[in-house]
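K.L.:
build me a model:
(2 chains, ligands or ions: 3)
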Amino acid sequence: MWLFTSSVGRKVVMSVTGLALILFITFHMAMNLVAIFSAEGYNMVCEFLGANWYALVATVALAGLVFIHFAYAFWLTWLNRQARGNQRYAVTSKPKAVEWASQNMFVLGLIVILGLLLHLFNFWFNMQFAEIMHKDLVDMGGGALIAPHDGAAFIAYTFSKVWYVVLYLVWLCALWFHLTHGFWSALQTLGWNNQIWIERWRVISYVYSSIIIGGFALVVVWFYVKSLL
Amino acid sequence: MEKNINVKLKIWRQRGPKAKGEFKTYEMKDIPTDTSFLETMDILNEELISRGEEPIVFDHDCREGICGMCSLYINGHPHGPATGATTCQMYMRRFADGETITVEPWRSAGFPVIRDLMVDRSAYDKIMQAGGYTSVNTGAPQDANAILIPKDVADEAMDAAACIGCGACVAACKNGSAMLFVSAKVSQLNLLPQGKPEAAKRAKAMLAKMDELGFGNCTNTRACEAECPKCVSISHIARLNRHFIGAKLKD
Ligand code: HEM
Ligand code: SF4
Ligand code: FES
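P.N.:
Ligands and ions are numbered 1, 2, ... in the order given. The predicted structure is shown next:
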């Protein structure tokens, strides 16, 4: 099967799973913004995406995407190190046209995965998973009890802690770098590129990544500032 | 302004494919700055021979940027610090007086070292043999203008055909990928009417050969394009991807 055996096929898998993940985080970001405007509205979204069959199916599909993307990233990086050979250059240089992110996609991805685990622990575990386990209230320690579908309360709680704010911002930063390269790289991999579009796609990548990451970061900072007031 | 400079050449010496290599530093005195880099290597080799030492092995042929034989990785750049130029087209005025210049062979699993600075690039020949041709009946050639080709298409095919098969793209790539070379060779034929009938087959065969020979998976870092002495664009890689994916989906 060419998606396993050929280099371009393997890249197509990276590209399609990556684009699907971009689509997902776009919706995710839009839903997070709701929390700034209305806690009730946000909790309606949370209830809608709680332990219902369609949300569970989507969660499993999403986990599958991340897993495939990660597994292929690991495989590709390993193959590429082999192709490079055992002997490294004594002197190396990075030409100006080469984006730093493009040569560090795996490391950036690893940071994204670690951030994702923290994120699942902070939110998914206390919300959808708590619902699956039929918990009515989640004990956050220090006497704080939050209902699993009260997403707004989880946001307010998590981002009142400065350490979480810092970790989330680092995580978002890594994802920004990953996307600035990943977005146009995915289109290039699919062959949807030429001399003219290459610069356009690159600009679009930077703008789009900044909008997405900016939206996520805004929610984090907003609730941190609110917790101080 | 022409002047003479002194430089130190730190050069990779390796007696054979399996032997352990090491850097050796050679002092070069009074080298005129309008000496080409390969001439400086010649001067050094003359000195080594007169001292009874083994001369340094390196590839070269035309010394005018068309054959693709020269292949030195100089101060962290394939073909040295000059852009859009091969090693043989680079002159000593690129370097400062007293500078240490590090010279290494291409380093990639697909291009094993034969000796010193010379690597085995026959992998590229094998990729060409897999599909870098058009099948035609021999006989009297028809008039060149009988097949009209739009100027922009002809130009793009010509830009791809500028590739001299030097392997700097692989040398520059952190993934050891040969995609820039393969895509240039696929593009130069697939763009033209004469190459179209075998376009899908060519894309599949040349890419399969590249993978088989142990080159890496392209992640679009663009290092190849930046270091290519012929400034071949990665838009050709997009075309190769397009033709390859299209061919696979049709199968
Ligand atoms: C929300 C999470 C993520 C998104 C939206 C995302 C998106 C993308 C996109 C669009 C690409 C470009 C595909 C291509 O070039 O064809 C890509 C490539 C890549 N990703 Fe991710 N990714 C994510 C998470 C991860 C994770 C967790 C890893 C794990 C280490 C990772 C590692 C890589 C690697 C190694 C590449 C290949 C570099 C390249 O092809 O240019 N990514 N990603
Ligand atoms: S694409 Fe450029 S760097 Fe690669 S082999 Fe051809 S001329 Fe050399
Ligand atoms: S020796 Fe022919 S291109 Fe340099």
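
K.L.:
ranges for the helices of chain B?
P.N.:
Taking DSSP state H to define them, one finds helices in chain B at B:37-50, B:122-131, B:151-161, B:168-172, B:179-190, B:199-212, B:223-227, B:235-250.

K.L.:
and those helices, which is most packed in?
P.N.:
Among the helices of chain B, ranked by average contacts under mean count of other CB atoms under 10 Å in any protein chain shown, first place goes to helix B:168-172 (a mean of 29). For glycine as for every other residue, the C-beta is placed from the backbone atoms N, C-alpha and C.

K.L.:
so which of the helices of chain B gets nearest ligand 2?
P.N.:
Ranking the helices of chain B by proximity to ligand 2 (CB to the nearest ligand atom) places helix B:168-172 first, at 3.2 Å.

K.L.:
what average pLDDT does the closest one get?
P.N.:
Looking at helix B:168-172 alone, the average pLDDT works out to 98.

K.L.:
do the same with stretch B:230-240
P.N.:
98.

K.L.:
that older thread, closest to A:Leu190 out of the helices of chain B?
P.N.:
helix B:235-250 (6.7 Å; CB to CB).

K.L.:
phi, psi of the residue of chain A found nearest ligand 2?
P.N.:
Among all residues of chain A, A:Pro95 sits closest to ligand 2, at 12.4 Å; criterion: CB to the nearest ligand atom. Backbone geometry at A:Pro95, expressed as degrees, to the nearest 10, gives phi -60, psi 150.

K.L.:
surely it is in contact with B:Cys224?
P.N.:
No: counting by CB atoms under 8 Å, A:Pro95 sits too far from B:Cys224 to count as a contact (9.6 Å).

K.L.:
find residues that contact each of these two.
P.N.:
Residues touching both A:Pro95 and B:Cys224 by CB atoms under 8 Å, 6 or more residues apart in numbering or on different chains: B:Ala172.

K.L.:
hmm, back to that, measure the residue of chain A closest to ligand 2 to A:Trp201 for me?
P.N.:
Distance, A:Pro95 to A:Trp201, using CB to CB, to the nearest Å: 19 Å.

K.L.:
mind checking which of the two has more residues around it?
P.N.:
Shown here are A:Pro95 and A:Trp201; by other CB atoms under 10 Å in any protein chain shown, A:Trp201 has more neighbours (20 against 16).

K.L.:
strands of the stretch 51-200 of chain B, start to end?
P.N.:
B:73-74, B:77-78, B:100-104, B:113-115, B:118-119 (DSSP state E, counting those that start in this stretch).

K.L.:
in chain A, which spans are helices?
P.N.:
Along chain A, the stretches classed as helices by DSSP H are A:2-5, A:7-37, A:39-48, A:53-84, A:105-119, A:128-132, A:151-158, A:162-189, A:197-228.

K.L.:
look up how far B:Thr138 lies from the residue most central in space within chain B.
P.N.:
Nearest to the centroid of the C-alpha atoms of chain B, with distances taken as CA atoms, centre = their mean, sits B:Cys166, at 1.9 Å. Going from B:Cys166 to B:Thr138 by CB to CB gives 30 Å.

K.L.:
pull the helix or strand with minimum mean pLDDT from chain A.
P.N.:
Sorting the helices and strands of chain A by mean pLDDT, DSSP states H and E puts strand A:138-139 at the bottom, at a mean of 86.
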